[in-house]
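Novice: need a 3D model of the following:
(2 chains)
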There are 2 protein chains.
Amino acid sequence: MRILVQKFGGTSVANLECMKQVREKTLAARAKGYKVVVVLSARSGDTNKLLALADEYSRDPDSAEVDSLVSTGEQVSVALFAMIMKDAGVKARSLLGFQIPMKTDQAHGKARILGIDNEKLTALLNDYDVLAVAGFQGITECNRITTLGRGGSDTSAVALAAALGCECEIYTDVDGVYTTDPNMCSTARKMDRVSYDEMLEMASMGAKVLQIRSVEFAKKYKVPVHVRSTFTDTPGTLVTQEDSTMEAVLVSGIAYDKDQARVTLRDVPDVPGVAYSLFGPLADKGVVVDMIVQNPSRNGKTDMTFTVPRGDLKKTLTLMEEIKQETGAAEVLHDLHVSKVSAIGVGMRNHSGVAAKAFAALRAMNINILMISTSEIKITCLIEEKYTELAVRTLHDAFGLDKDSMLG
Amino acid sequence: MRILVQKFGGTSVANLECMKQVREKTLAARAKGYKVVVVLSARSGDTNKLLALADEYSRDPDSAEVDSLVSTGEQVSVALFAMIMKDAGVKARSLLGFQIPMKTDQAHGKARILGIDNEKLTALLNDYDVLAVAGFQGITECNRITTLGRGGSDTSAVALAAALGCECEIYTDVDGVYTTDPNMCSTARKMDRVSYDEMLEMASMGAKVLQIRSVEFAKKYKVPVHVRSTFTDTPGTLVTQEDSTMEAVLVSGIAYDKDQARVTLRDVPDVPGVAYSLFGPLADKGVVVDMIVQNPSRNGKTDMTFTVPRGDLKKTLTLMEEIKQETGAAEVLHDLHVSKVSAIGVGMRNHSGVAAKAFAALRAMNINILMISTSEIKITCLIEEKYTELAVRTLHDAFGLDKDSMLG
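Specialist: Numbers count the residues shown, from 1 in each chain, chains lettered A, B, ... in the order given. So this is what the prediction gives:
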């Protein structure tokens, strides 16, 4: 039995016309002989309407009830899709989280998938040619409905493909993964292939093509993920395992993230545990700290600088004022007008000089680097926000991404 | 553990204000020491919107998918209700058909309840003080969502009360069951008690207070059903087993049904099986035939007259034309302007002369009786529609229903 998982987002099922386009994609896969598992999101806007309803009714909506409430969005999508699939003469049915069952832990609103009953699913694929599966939702051991968090339908799809040992097609409104944001850099090029690790770094930098947890899942279970467009038939980008051709490329993409703010606590007494006294409370408040720089100590004092998402800045500054009092630090500084720019590539692992090349390119444009952080396959620079576009284009050209280097 | 089932319809949960009124009723029962199972319908209008969606998407929507689709209406209600119950400090949770589980057969759209896991429900009532149960929905053996048909939430509520061995309160926009329609007869009186059989006859005559299947269920499992108003605190009407005080009353209510059409097939050859040749095909088309009169045969021919709901008249006439051809009957006649008026009372079982009294009262008003049918506890007359109000008032007075005869 040849199986394919296809996933479509909320805009792809927003109305009957859109849903018929989705049906064409599924029928095309049927025509190639595939049994198709179609994972759908809620119709565009439905999830937000349901969340608004929860907020209207309760000042602090119970998270388990919110999950049961919002999961109706996907339930509506898959029932309608199964109907129109049957109208096209295909043996199809809808499948909800509890019917699969898509077992998750009990972390309502951001549940993690524990397992999928592969046998049951295979038996259903013997009876039906198309299964319309509600994305985003699962079921706990106690039979309560959970949701996987925003964008969770991607994860549902990859998890189903992992359980079935097949490829997963993720349909979106762009036609693949680009070397950088095409809206920012006209020479951006669609990649034919990208490694899981590179995709992870890009997703964590705000590239919105794939949800980060779905990529982690795909990497863990080696699921080939084909990112492609709902509106064209051209091949998209295959997210897959690294291979030697990928490693031959130094940098495969440039990502950026403007949703950043920088905070500095000046002249903190440099005693053991000072980092924890700052970042422990931030973690407790759910603030994700990204880049962290600690200056070398002078006179027993140091400066701690870090970045947070802009939405968390207010919360962060309130906390830092408290910590300033407690620790006797000199002052709290912040800067809203910063952004991160990263060069990403698995090829960096085996090459030196990539960082130096990036710094040289930015200097040539007189772009001042405020902070630097590096990983095995990524170099990130914090810069003034106004230079974001220039920096992205500069790095894109510097690493030759405008040319099809994978084949050249 | 003292348990009470409360059921509220769609208008009672239409918006936050309404739902808060429902909460007051539940909190009042809590204050009396009850654990409360609250059965809710979809918010007013939601079910129709979902059904319209199915019709928009498919020319012949799959019934299993329609059930999964429309069941989201109740899912939304109970999640919201559980939230506001928790906001009031009550240990509450929502419960869907598959979570109870409310097991049904596979007749999608009009499923019948097969059983409720009483142990599981009791265990949940140990953990929670209020369970917000989605009415109208169940689950098949194969784990597919079913619905019980329009008004099915009444049946859900009574079935839960039967499983838990407790009373069931059905809240509605009227304050009980009346001796007849108060909009039609100003002397109509709210009954304190009414028997299951009387309620069944009234429901079958279009009294919209209780869904007929819920009354059948209540009768079968001897569940006391208290019909009362969402908007007042006055006691309503208790639907319960017959007792001697009920039998002392000849007629306890007058019901009517204007949704009737009369069809006559003239001069049908009166051969064995002629009735089946008419009513078999009608049953196959799902047309519910009510009153049937077959005239004594003359010259080997007879007239067959019967009534059907007006919405089924077109379908019925098409069929009758075919049967006219097949059987060689003379002609098909029909009359849209007819209605049924009934006198109902368990006391009739042991008294004669009730029919005669009804006929005399109608004759005194010059109301012509077109057809008559009787049961053990009901006399029904088909009359011209324009006389409906007059006939109802005449019979109501003739049987002394304007006076509180149960106590007098």
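
Novice: you'd agree A:Leu16 is up against B:Ser58?
Specialist: No: under the criterion of CB atoms under 8 Å, A:Leu16 lies out of contact with B:Ser58, with a separation of 9.5 Å. (Each C-beta comes from the backbone N, C-alpha and C, glycine too.)

Novice: these two - which one has more neighbours?
Specialist: Higher neighbour count among A:Leu16 and B:Ser58: B:Ser58, with 20 against 13, using other CB atoms under 10 Å in any protein chain shown.

Novice: residues touching that one, list them.
Specialist: Contact criterion CB atoms under 8 Å, 6 or more residues apart in numbering or on different chains gives A:Leu80, A:Met83, A:Ile84, A:Lys86, A:Asp87 as the residues in contact with B:Ser58.

Novice: most neighbours, which of those?
Specialist: Each of those was scored by neighbour count (other CB under 10 Å); the top score is that of A:Leu80, with 29 neighbours.

Novice: pLDDT score for that residue?
Specialist: In the prediction, the pLDDT value recorded for A:Leu80 is 98.

Novice: wait, does the helix or strand hosting it contact chain B?
Specialist: A:Leu80 is part of helix A:63-87, with elements assigned from DSSP states H and E. Yes: using CB under 8 Å from any CB of the partner chain, we find that helix A:63-87 touches chain B at A:64-66, A:68-69, A:71-72, A:75-76, A:78-80, A:82-84, A:86-87.

Novice: do the same with stretch A:17-25
Specialist: Yes: Stretch A:17-25 reaches chain B (CB under 8 Å from any CB) through A:Met19.

Novice: helices or strands next to the helix or strand of chain A with the lowest mean pLDDT in the packing?
Specialist: Taking mean pLDDT, DSSP states H and E as the measure, helix A:244-247 is the helix or strand of chain A with the lowest mean score, a mean of 77. Contacting helix A:244-247 under the criterion 3 or more CB pairs under 8 Å, 6 or more residues apart in numbering or on different chains; DSSP states H and E are the following elements: strand A:193-195.

Novice: show residues contacting the helix or strand hosting A:Thr302.
Specialist: A:Thr302 is located in strand A:301-308, with elements delineated by DSSP H and E. Applying CB under 8 Å, 6+ apart, the set of residues contacting strand A:301-308 from outside is A:260-270, A:274-275, A:278-279, A:282, A:287-296, A:316, A:330, A:338, A:340, A:371, A:382.

Novice: model confidence for the closest residue to A:Gly9 other than its chain neighbours, exactly?
Specialist: Counting by CB to CB, 6 or more residues apart in numbering or on different chains, A:Ser41 is the residue found nearest to A:Gly9 once chain neighbours are left out, at 4.9 Å. Reading off the per-residue confidence, A:Ser41 sits at a pLDDT of 96.

Novice: residues near A:Ser41, how many?
Specialist: Counted with other CB under 10 Å, residues neighbouring A:Ser41 total 28.

Novice: and A:Lys324, by the same measure?
Specialist: Burial of A:Lys324, expressed as a neighbour count using other CB under 10 Å, amounts to 17.

Novice: swap in A:Thr234?
Specialist: Neighbours of A:Thr234 under the rule other CB under 10 Å: 10.

Novice: which non-adjacent residue is nearest it?
Specialist: A:Thr234 sits nearest to A:Asp175 (CB to CB, 6+ apart), 6.0 Å away.

Novice: buried set for the least confident helix or strand of chain A?
Specialist: The neighbour-count criterion (16 or more other CB atoms under 10 Å in any protein chain shown) identifies A:Met246, A:Glu247 as the buried residues of helix A:244-247.

Novice: strand partners (parallel or antiparallel) of the strand or helix carrying A:Asp259?
Specialist: A:Asp259 is part of strand A:253-269, with elements assigned from DSSP H and E. For strand A:253-269, sheet partners with direction are given as strand A:301-308 (antiparallel), strand A:331-344 (antiparallel), following DSSP bridges.

Novice: which positions in that strand come out as buried?
Specialist: Neighbour counts over strand A:253-269 (16+ other CB under 10 Å) mark A:253-257, A:260-268 as buried.

Novice: which one of those is nearest chain B?
Specialist: The shortest distance between chain B and any of those, using CB to the nearest CB, involves A:Ala261 and amounts to 33.7 Å.

Novice: tell me the bridge partners for the closest one.
Specialist: For A:Ala261, the beta-bridge partners are A:Val308 (DSSP bridges).

Novice: for the stretch 101-250 of chain A, which residue gets nearest to chain B?
Specialist: For the stretch 101-250 of chain A, the residue positioned closest to chain B under CB to the nearest CB is A:Asn143, at a distance of 5.4 Å.

Novice: need phi/psi at that residue.
Specialist: With angles defined as degrees, to the nearest 10, A:Asn143 shows backbone torsions of phi 70, psi 30.

Novice: now it: closest residue in space, sequence neighbours ignored.
Specialist: B:Gln99 (5.4 Å).

Novice: so the one you found sits against A:Thr140, correct?
Specialist: No: with contact defined as CB under 8 Å, B:Gln99 and A:Thr140 do not form a contacting pair (10.9 Å).

Novice: what parts of the stretch 1-150 of chain A come near chain B?
Specialist: For the stretch 1-150 of chain A, the residues in contact with chain B under the definition CB under 8 Å from any CB are A:16, A:19, A:50, A:53-54, A:56-62, A:64-66, A:68-69, A:71-72, A:75-76, A:78-80, A:82-84, A:86-87, A:93-94, A:96, A:98-99, A:143-145.

Novice: distance of A:Arg298 relative to B:Gly286?
Specialist: For A:Arg298, the distance to B:Gly286 under the criterion CB to CB, to the nearest Å works out to 89 Å.

Novice: ditto for A:Gln294
Specialist: Taking CB to CB as the criterion, A:Gln294 is separated from B:Gly286 by 78 Å.

Novice: give me the more crowded residue out of those two.
Specialist: Counted by other CB under 10 Å, A:Gln294 and B:Gly286 do not tie: A:Gln294 has more neighbours, with 15 against 8.

Novice: pretty sure the more buried one sits against A:Phe279.
Specialist: No: with contact taken as CB under 8 Å, A:Gln294 and A:Phe279 are classed as non-touching, separated by 10.9 Å.

Novice: contact partners for the closest residue to A:Ser375 other than its chain neighbours?
Specialist: The spatial neighbour of A:Ser375 that comes closest, neighbours along the chain excluded (CB to CB, 6+ apart), is A:Glu201 at 7.3 Å. With contacts defined as CB under 8 Å, 6+ apart, the neighbours of A:Glu201 are A:Ala255, A:Ser342, A:Ile344, A:Ser375, A:Ile377, A:Lys378.

Novice: so which of these comes closest to chain B?
Specialist: For chain B, the closest of these turns out to be A:Ala255, at 38.2 Å, with distances computed as CB to the nearest CB.

Novice: just give the closest residue to A:Lys357, not the sequence neighbours.
Specialist: Using CB to CB, 6+ apart and skipping residues adjacent in sequence, the residue nearest A:Lys357 is A:Ala398, 6.3 Å away.

Novice: what is the burial count for that neighbour?
Specialist: Burial measure for A:Ala398: 18 neighbouring residues, criterion other CB under 10 Å.

Novice: how about the contacts made by it?
Specialist: Counting by CB under 8 Å, 6+ apart, the residues that A:Ala398 touches are A:Lys357, A:Ala358, A:Ala360, A:Ala361.

Novice: at 10 Å instead, please
Specialist: A:Val251, A:Ile254, A:Ala343, A:Lys357, A:Ala358, A:Ala360, A:Ala361, A:Leu362, A:Ala364, A:Met365 (CB atoms under 10 Å, 6 or more residues apart in numbering or on different chains).

Novice: all good on my end, thank you.
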